[in-house]
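>>> Give me a model of this one.
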Amino acid sequence: MPVLVAVAILAAVALWLVLGYNKLVRLRNRVQSGWSQVDVQLKRRYDLVPNLVETVKGYAAHEQSTFLAVVEARNAAQGASTVGGQAAAENVLTGALRQLFAIAESYPDLEASEGFRTLQTQLADVEGDITVARQIFNDTTLTYNNAVETIPTNLVARLTGFSRSEFFEVEDEGRSVPKVQF
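This is a model prediction of the structure:
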């Protein structure tokens with residue numbers, strides 16, 4: 001009888017470890033899936049940046065330092081390898097794009113241009129999609145981090161090497177949708 005009790009206890013502990021581990025794996029995979037959705041939206045944004053720069057260049061060719069800042073910020077954002085690094089790079093890119101749009105406001109012909117307005121609208125749409133993807137990613141990251149830090153799954157996390165995941169945080173004013181005027 002004592003052997004059966006010991007076997008039952010060992011089986012219960014093993015089952016608990018397996019279930020906890022599987023839960024953590026599922027949550028980690030959801031975080032990774034959420035990040036891939038953010039990444040897709042960021043790539044859409046990066047694809048729009050060169051077109052915006054070229055469109056504004058046609059009207060304000062003497063603003064080379066701003067164009068260079070936008071291109072460098074885009075390249076840095078594309079090269080970021082961590083969630084925190086990506087957030088920092090995105091904040092810089094957003095600031096550079098704000099400067100680009102500030103220049104555009106000085107050129108009424110540019111703002112009236114159909115191509116520029118289309119690009120502005122597309123960028124506004126992408127910014128909205130990034131916001132949604134970021135929220136989903138941060139929500140799944142919160143769920144995963146809660147599992148990693150709370151009893152009883154935190155015990156399994158420690159035993160199997162699971163650790164907290166970073167949130168994708170932008171500055172308070174970081175990601176505002178560009179103003180589109182017609």
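
>>> can you list contacts of the helix or strand hosting residue 95?
Per DSSP states H and E, residue 95 falls inside helix 83-105. Helix 83-105 is contacted by residues 35, 42, 45, 49, 52-53, 56, 59-60, 63, 66-67, 69-70, 72-74, 76-77, 79-80, 110-111, 116, 120, 123, 165-171, 174-176, 178-179 when judged by CB atoms under 8 Å, 6 or more residues apart in numbering. Backbone N, C-alpha and C define where each C-beta goes, glycine included.

>>> Could you identify the buried members of these?
The neighbour-count criterion (16 or more other CB atoms under 10 Å) marks 35, 42, 45, 49, 52-53, 56, 59-60, 63, 66-67, 69-70, 73-74, 76-77, 110-111, 116, 120, 123, 165-166, 168, 170, 175, 178 among the contacts of helix 83-105 as buried.

>>> What residue, apart from its backbone neighbours, is nearest the residue sitting nearest the centre point of the chain spatially?
The centre of the chain sits closest to residue 38, judged by CA atoms, centre = their mean, with a distance of 4.4 Å. Among residues not flanking residue 38 along the chain, residue 133 sits closest, at 4.5 Å (CB to CB, 6 or more residues apart in numbering).

>>> Which strand or helix spans the one you found?
For residue 133, the host element (DSSP H and E) is helix 114-149.

>>> Can you give the distance of that helix from its chain's centre?
Helix 114-149 sits 6 Å away from the centroid of its parent chain (CA atoms, centre = their mean, to the nearest Å).

>>> helices and strands around the helix or strand following that helix, which ones?
Moving toward the C-terminus from helix 114-149, the first helix or strand encountered (DSSP H and E) is helix 153-160. Here helix 153-160 touches helix 2-57, helix 114-149, going by 3 or more CB pairs under 8 Å, 6 or more residues apart in numbering; DSSP states H and E.
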